[in-house]
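>>> Got a predicted model here, sequence first, then my questions.
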Amino acid sequence: MILVFGSLNMDLVMTVPSLPKPGETVLCPAYQLKPGGKGNNQAIAAARAGAAVAMTGCIGPDAFGSTLVENLARDGVDTSGIQVAETATGCAMICVDADGENFISVASGANLSASADRIPDERLGAGITVLMQMEVPAEQNWALIRRAHALGARTVLNVAPAADVPADILKLIDILVVNELEAAEIAGRLELSASSATGLARDLARTCGVTCVVTLGGAGALMAESGGALWTAAPLKISPVDTTGAGDAFCGILTAALDGGASPEEALHRASVGASIACLGLGAQESLPTAEAIDARLAEVSAPLRLS
């Protein structure tokens with residue numbers, strides 16, 4: 001069972017000829033409203049990948065919030081832990097260019113009212129995997145990590161957007177998922193000297209006693225285990241349509257695989273392939289793959305390679 005604690009946003013998506021530069025106005029013909037938010041995306045990614053998932057977070061008393069809850073329920077996600085705040089549902093403005101790259105700005109709204117105190121202890125025991133991101137108040141994540149660790153749950157923290165994670169919290173996490181920039185920021189605060197993605201993954205895993213996964217965009221991902229094993233996984237060869245939500249797809253699929261009993265390297269393989277598939281459609285959720293879709297394309301990429 002996976003418990004996702006995180007954000008729920010409505011995304012306003014615009015397909016533009018080029019991403020706007022400071023002071024520049026870029027026109028496009030239309031926009032689309034699509035469910036999003038890192039927590040929301042990761043919950044649906046995990047559910048489609050075959051896991052039992054419950055979502056906890058906050059929406060506003062508005063049509064956007066109701067739509068997000070209905071959308072989660074259609075994918076079989078337990079929404080009983082979603083609370084309604086007095087402020088508006090979170091909203092993101094996303095511009096996507098012809099190469100699938102994006103520019104994102106988020107109004108947090110009701111996500112700022114998300115509270116870990118609302119999660120009962122019985123959802124944090126052995127056999128539960130807790131998946132978190134950084135679009136809700138950081139102190140709520142830290143409180144949840146402490147409780148989950150004490151009660152025997154496995155914890156997965158995706159430090160996105162980049163944030164200052166206290167050293168004592170890093171030592172309580174089981175799996176840390178970051179991109180290269182986020183890894184470098186955390187390593188810098190810990191005064192670690194590595195600069196390459198491989199070195200960052202190794203140093204963070206060893207120093208914090210975690211499994212550290214560093215995503216590399218179109219180059220795949222690295223995973224360093226605290227015991228010293230280091231793995232690299234390649235993505236599918238694709239022409240991306242929209243990379244929005246690829247990181248969320250990776251996190252949800254990785255967590256679903258681990259929750260289902262896969263080995264770390266098997267989970268890394270599935271996440272790398274699944275995140276590639278998620279880039280083949282517009283929007284953060286519509287192209288999130290099912291377990292069957294991932295299975296069908298696993299053989300196109302070699303299994304993760306152990307580097308040490």
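Sure thing, it's come through. Treat the numbers as computed from the prediction; the structure is a model and nothing was measured. Residues are numbered from 1 along each chain as shown.

>>> list the helices and strands the lowest-mean-pLDDT helix or strand in the chain packs on?
Lowest by mean pLDDT, DSSP states H and E among the helices and strands of the chain is strand 102-107, with a mean of 90. Using 3 or more CB pairs under 8 Å, 6 or more residues apart in numbering; DSSP states H and E, the elements in contact with strand 102-107 are strand 90-96. Where C-beta positions appear, they are placed from N, C-alpha and C, glycine not excepted.

>>> What are the boundaries of the helices in this protein?
For the chain, the helices defined by DSSP state H cover 38-48, 63-74, 138-151, 167-170, 180-189, 197-208, 246-259, 264-278, 291-297.

>>> Go through the least confident helix or strand of the chain and flag the buried ones.
102-103, 106 (16 or more other CB atoms under 10 Å).

>>> closest to residue 207 among the residues you listed?
residue 106 (30.4 Å; CB to CB).

>>> Settle this for me: that closest one is touching residue 91, isn't it.
Yes - between residue 106 and residue 91 there is a contact under CB atoms under 8 Å: 7.4 Å.

>>> list the residues that contact both of the two?
By CB atoms under 8 Å, 6 or more residues apart in numbering, residue 106 and residue 91 have these common neighbours: residue 9.

>>> Restricting to C-alpha, output the least confident helix or strand of the chain in PDB.
Once non-C-alpha atoms are left out, strand 102-107 reads as follows in PDB (Å, rounded to 0.1, in the frame of the first residue of the first chain):
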ATOM      1  CA  ASN A 102       8.500  23.300 -20.300                       C
ATOM      2  CA  PHE A 103       8.200  26.400 -18.100                       C
ATOM      3  CA  ILE A 104       6.100  26.100 -15.000                       C
ATOM      4  CA  SER A 105       4.900  28.500 -12.300                       C
ATOM      5  CA  VAL A 106       2.700  27.300  -9.400                       C
ATOM      6  CA  ALA A 107       0.200  29.100  -7.200                       C
END
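
>>> Please find the angle between the direction vectors of that strand and strand 90-96.
160 degrees (axes from the mean of the first three to the mean of the last three CA atoms, to 10 degrees).

>>> Check the offset of strand 102-107 from the chain's centre.
A distance of 16 Å separates the C-alpha centroid of strand 102-107 from that of its chain, computed with CA atoms, centre = their mean, to the nearest Å.

>>> Touching that strand from outside, list them.
Residues outside strand 102-107 that contact it (CB under 8 Å, 6+ apart): 9, 19-20, 90-96, 135, 242-244.

>>> And those, which of them are buried?
Buried members of those, scored by 16+ other CB under 10 Å, are 9, 90-92, 94-96, 135, 242-244.

>>> Let me know the closest of those residues to residue 26.
Checking the buried ones among the contacts of strand 102-107 against residue 26 with CB to CB, the nearest one is residue 95 at 7.2 Å.

>>> so the closest one makes contact with residue 24?
No - if you go by CB under 8 Å, residue 95 and residue 24 don't touch, sitting 11.2 Å apart.

>>> what separates residue 159 from residue 188, distance-wise?
Look at residue 159 and residue 188: by CB to CB, to the nearest Å, they are 13 Å apart.
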